[in-house]
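In: turn this into a model:
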Amino acid sequence: MGAVGFMGSLAALLVLENLAPPPSSLVGYALTRGAMAAIATWVFLPSFVLTLIPGLLAIAATPAFHNSGWAWIKAATGILIFAGGLHALAPIQDEARLSAEAVAGRLDPATLAGASEGEAATMWVLLAVSTANIVLGVWRPRIIR
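Out: Numbering: from 1, shown residues only. A predicted model of the protein is given here:
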């Protein structure tokens, strides 16, 4: 369930990222960035935690997984997802906060970053690694450590 929410939220964030107006359309940009921050906070982050923590704990707590190469690959990709998730989450929330301040007149709109290729690329990498993680968990190839 956590993986479904995690990957679904990434897909929604990618759609909003591609449909977001430029920062020059300040109100629309702020609304889109606010929606992205809400998805990141209320869907992405809880799903991220529900997917990552129990998965790593299951690998640590199950002796049968300790000599399974697929479990170690899954643990390594889990750490990659953790780092990428944090890398994706902060800019989304920061840009939403800054755009709201610009709409309120407390910030110069010229300082807004706009949609970055790095944000979208990080989300695509997270989707790919998450897919690989699910495949490893279902397929469980015989890789000996």
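In: now the residue nearest the centre of the chain: which helix or strand?
Out: Among the residues of the chain, the one closest to the centroid is residue 85, at 4.2 Å (CA atoms, centre = their mean). Secondary structure from DSSP states H and E places residue 85 in helix 69-103.
In: next structured bit after that helix?
Out: helix 117-139.
In: helices and strands around that following helix, which ones?
Out: Judged by 3 or more CB pairs under 8 Å, 6 or more residues apart in numbering; DSSP states H and E, the packing partners of helix 117-139 are helix 2-19, helix 45-61, helix 69-103. The way it works is simple: take the backbone N, C-alpha and C, and place the C-beta from them, glycine included.
In: so where's this protein uncertain?
Out: 115, 143-145 (pLDDT under 70).
In: and residue 22, which of the three is it?
Out: Counting by DSSP: H, G, I helix; E, B strand; the rest coil, the backbone at residue 22 sits in coil.
In: which residues touch it?
Out: Going by CB atoms under 8 Å, 6 or more residues apart in numbering, residue 22 touches 29, 114.
In: 10 Å instead?
Out: With contact set as CB atoms under 10 Å, 6 or more residues apart in numbering, residue 22 has these partners: 28, 29, 112, 114, 115.
In: which residue is the nearest non-sequential neighbour of the third one?
Out: It stands for residue 112. residue 23 (3.9 Å; CB to CB, 6 or more residues apart in numbering).
In: and the spatially closest residue to residue 19 that is not a sequence neighbour, how far is that from residue 76?
Out: Leaving aside its sequence neighbours, residue 19 sits nearest to residue 32 (CB to CB, 6+ apart; 7.0 Å). Look at residue 32 and residue 76: by CB to CB, to the nearest Å, they are 34 Å apart.
In: more neighbours: which of these two?
Out: residue 32 (20 against 12; other CB atoms under 10 Å).
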